[in-house]
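Novice: turn this into a structure:
(2 chains)
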Amino acid sequence: MTELYDAPVAARDDDAPVIDAQDIRIWYGSERGPVKAVDGVSFSLRKGEILGLVGESGCGKSTIGRGLLGLLPPGAEMDGALRFKGEDLLALPKKEMFAKRGAELGMIFQEPLTRLNPLMRISEHFEETLRTHEKSIGKEEIQRRALEVLRLMGIPPTRYRSYPHEFSGGMRQRLMIALALVLRPAFVVADEPTTALDVLVEAQIIRILHSLRSEFETSLLLITHNLGIIAEACDRVAVMYAGEIVEIGDAREVFSDPQHPYTRELLRSTISLSTTGLSFIPGAPPDLVNPPTGCHFHPRCPDAMNICATRHPVQHEMPNGTRVQCWAADLAHGRAPDLTEDDTAPLVREEISVADEA
Amino acid sequence: MQTKRDVTATGESLVDIRDLEVHFELRGGMFKRLLGMDTGTVKAVDGVNISLKRGEVLGLVGESGSGKTTLGRAMLGLARSSKGSITYHERGGEGQTRERVVSQLKGADLRSLRTDLQMVFQDPNAALNPSMTIEAAVGHPLKIHGIAKGEELRPRVAAALERVGLAPAEQFMSKYPADLSGGQKQRAVIARAIILDPEVLVADEPVSMLDMSVRAKILQLMVDLKKDLGLTYVYITHDLASAKFFCDRIAIMYLGRVVEIGPTEEIFADPKHPYTKALLKAIPEPDPNKMVPRDLPRGEIPDAAKPPLGCSFHPRCPEAVAECGWESRDLRVLLEEHWTRQETTSYEEEQALVGSLDRLDDPQKTVTLGSGADSARVRGLLDRIRQENPSEPLWTGVDEISETGDGVEVRFHQGFDPELRPSGGVEVACVLHPKPVTVEPYRSE
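Specialist: Numbering: from 1, shown residues only, chains lettered A, B, ... in the order given. Next up is the predicted model:
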């Protein structure tokens, strides 16, 4: 197997972004008004790059994953610019988007057992997938391609004609990945792919996801709430809070020197082997129908200043390429010269009660 | 409402588990049942000895299928024990204790035990009745055990809710579970568990369904409750990181057995069982300078209805040696693994050569591959596989490969099933611990 943390895929001239999302907004309709699940999110992914998307439940990370693939439920609206290899996905007719899904845009789901048909053999799953996209493909070609991708996932060819229930949980997740990759999509969204798995099997799957870049040159958007997985599998990380990306940058940089207080507190509240005391973020993520004014994080932020409650911070890029959206970070790096003393005074708030939590 | 007890771990046993076995019969098909044929047994807990000390936090750690939840349920009499005993030393007046054998209790006696032993479940969405208000749910144990009713209920429920941080209680009492967030629901579940003032809480993965940022809060609550109410905890988890923080002692479980048990510091400073080592290595750490290790155990926890011979962990163990119990099913895994590295044409050739692998599925110590005519080629294949990876532990377990008239016969060494033995400050069930002085090589099973 390949060693993890190999050098990032070398930049080439033809390295235009595979996915380029600019100012994506997604709203859901609800009885109380529109839910701003994703509110102005921008990022791009190059060939073979793995971007981790992390945040608490309800911060909009799964919504983005689905939005990128055009899988939003009825009643949701999406706006912004979304380009896949230069092509505008939001302007595509439904039929063409359908053809792209699977063939060029893949998805790996959380619960493999609910996504595999219990009445179909593994071979039939591959036949269905391949025939949908390549009508004239022959049976031998299907088997050749299926066995090749199964082999890379560590599933022996002896199991090709088995049924889903004959596999263990980890094997099923490998099957899901194999099915997503058999068409060699250039971009894959993996939504919490290891949440249902045990820790040893989880580590095996992380290895596989990490090796995708060398085997398939696939760009991967890995959605998870586990910061440990991001640190081990991703090149870059985007931290989401209340529908916005508050910090995005090289995973090592962000983890070793987090700029946004939310990133820092999220890292501190993760229970790891080096944990000696418990730390947590008070309160819960806000209601996205009516998010707080100014910076959405200010009611829970330990560093909040007066300005944070009134004016929304602007995203700034640091010298190392990390983009962060925070008044306190701006102040620390001398990018907010026009703030008055009153603006930067610590914000006086009501204390958040213990019970008010996610 | 609660009285404060002495909370330091005293070394005094509170619950003693002796040779406990919890077996579940598989039902099988109707035909087999009619003929009274053996349909198999799942040994969920298979010979466990643990004593829970008063005031300690004991961690039961393992993957799904290791039997940790079944063991926790058995302690409350929620799973019938097939063999062995669980004894609860109830504290009476003036330092006296009364012994109650949980594994023999039935009906009303068993129910009355729950005033002393309570459980916190994994999934707070499933543990609360969606049509009961929080007040009714948290107060329910008081009604069931006839401790309070009517007017007396409300103040006690309010006190329990405020004790777990759901304050002001009036704001939560009339709500339904659906109105609460995940963390709040888990707090309500904990309030229900402590309202009877129990001595022991068995917490089955109390934080694993919760968001990362809430886990620390619920663990902190449990730490506070232990201190204030003098509780003794059994903390069931698959997450060694939270166990390290929370537990005084840890028992690592694998396929129904305890494979390593000892004080938390000792286990983490010097993990001995290869399974413990693997679990430790596999924890994803939010530290960018650590990487996923190469030598993770392969495969997954085996089927408890057909456990491996010898040590249950040997098929996945990177340190396995000759006497670990190698057998025919391991050979099947080896061949299949080899084929994941072959081109389709050579796979088909080799498969035809070896023949059906199904005959390897029944555990055997001697197996024959291929047919008489092809024996030289089958042997050549095995030699090739061995050369691919000579350090594969399975080869240490092969006693002899010989060509017979019917094909190639592979004979494995006799293995044995290691018992829990003291090694350093812990107890380990592994042939490698304590370091063998002179292990007589291949003791029969």
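
Novice: which residue is the nearest non-sequential neighbour of the closest residue to chain B within chain A?
Specialist: Distance from chain B to each residue of chain A (CB to the nearest CB) is smallest for residue A:228, at 2.9 Å. Quick note: C-beta positions are derived from backbone N, CA and C, even for glycine. Across the structure, with CB to CB, 6 or more residues apart in numbering or on different chains as the measure, the residue nearest residue A:228 apart from its sequence neighbours is residue B:284 (2.9 Å).

Novice: ok, now residue A:265?
Specialist: Closest residue to residue A:265 in three dimensions, ignoring its sequence neighbours and counting by CB to CB, 6+ apart: residue A:281, at 4.6 Å.

Novice: so what pLDDT did the one you found get?
Specialist: According to the model's per-residue confidence, residue A:281 sits at a pLDDT of 89.

Novice: relative to residue A:63, how far out is it?
Specialist: Separation of residue A:281 from residue A:63 (CB to CB, to the nearest Å): 21 Å.

Novice: next: residue B:275.
Specialist: When residue B:275 is compared with residue A:63 (using CB to CB), they lie 39 Å apart.

Novice: who does the helix or strand containing residue B:58 touch, helix- and strand-wise?
Specialist: For residue B:58, the enclosing helix or strand under DSSP states H and E is strand B:57-61. In terms of contacts (3 or more CB pairs under 8 Å, 6 or more residues apart in numbering or on different chains; DSSP states H and E), strand B:57-61 is packed against helix B:68-75, strand B:232-237, helix B:240-246, strand B:249-254.

Novice: buried residues of stretch B:178-186, list them for me.
Specialist: Within stretch B:178-186, the residues that qualify as buried by neighbour count (16 or more other CB atoms under 10 Å in any protein chain shown) are B:180-186.

Novice: all helices of the stretch 301-445 of chain B, in order?
Specialist: According to DSSP state H, counting those that start in this stretch, the stretch 301-445 of chain B carries its helices in the segments B:328-339, B:344-354, B:375-388.

Novice: out of those, which is the most enclosed?
Specialist: The highest average neighbour count among the helices of the stretch 301-445 of chain B, using mean count of other CB atoms under 10 Å in any protein chain shown, belongs to helix B:328-339 at a mean of 20.

Novice: per-residue confidence for residue B:210?
Specialist: The predicted local confidence for residue B:210 comes out at a pLDDT of 87.

Novice: burial count for it?
Specialist: Burial of residue B:210 is recorded as 25 neighbouring residues (other CB atoms under 10 Å in any protein chain shown).

Novice: and residue A:142, what is it in contact with?
Specialist: Counting by CB atoms under 8 Å, 6 or more residues apart in numbering or on different chains, residue A:142 touches A:123, A:126-127, A:130-131.

Novice: save those as CSV, and put in secondary structure, pLDDT and distance to chain B too.
Specialist: Compiled in CSV, the contacts of residue A:142 are given as follows (DSSP: H, G, I helix; E, B strand; the rest coil; pLDDT from 0 to 100; distance: CB to the nearest CB, whole Å):
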residue, secondary structure, pLDDT, distance to chain B
A:123, helix, 95, 13
A:126, helix, 96, 14
A:127, helix, 95, 16
A:130, helix, 94, 16
A:131, helix, 94, 20
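
Novice: how about residue A:35, phi and psi?
Specialist: Taking degrees, to the nearest 10, you get phi -90, psi 120 for the backbone angles of residue A:35.

Novice: hmm, it is touching residue A:26, no?
Specialist: No. With contact defined as CB atoms under 8 Å, residue A:35 and residue A:26 do not form a contacting pair (9.1 Å).

Novice: which element, helix or strand, includes the closest residue to residue B:208 other than its chain neighbours?
Specialist: Counting by CB to CB, 6+ apart, the nearest residue to residue B:208 once its immediate chain neighbours are dropped is residue B:122, at 6.3 Å. Residue B:122 is located outside every helix and strand, with elements delineated by DSSP H and E.

Novice: doesn't residue A:280 fall inside a helix?
Specialist: No. Per DSSP: H, G, I helix; E, B strand; the rest coil, residue A:280 lies outside any helix segment and is coil.

Novice: quick check, the residue nearest to residue A:228 in a strand?
Specialist: No. Under three-state DSSP, residue B:284 sits outside any strand and is assigned coil.
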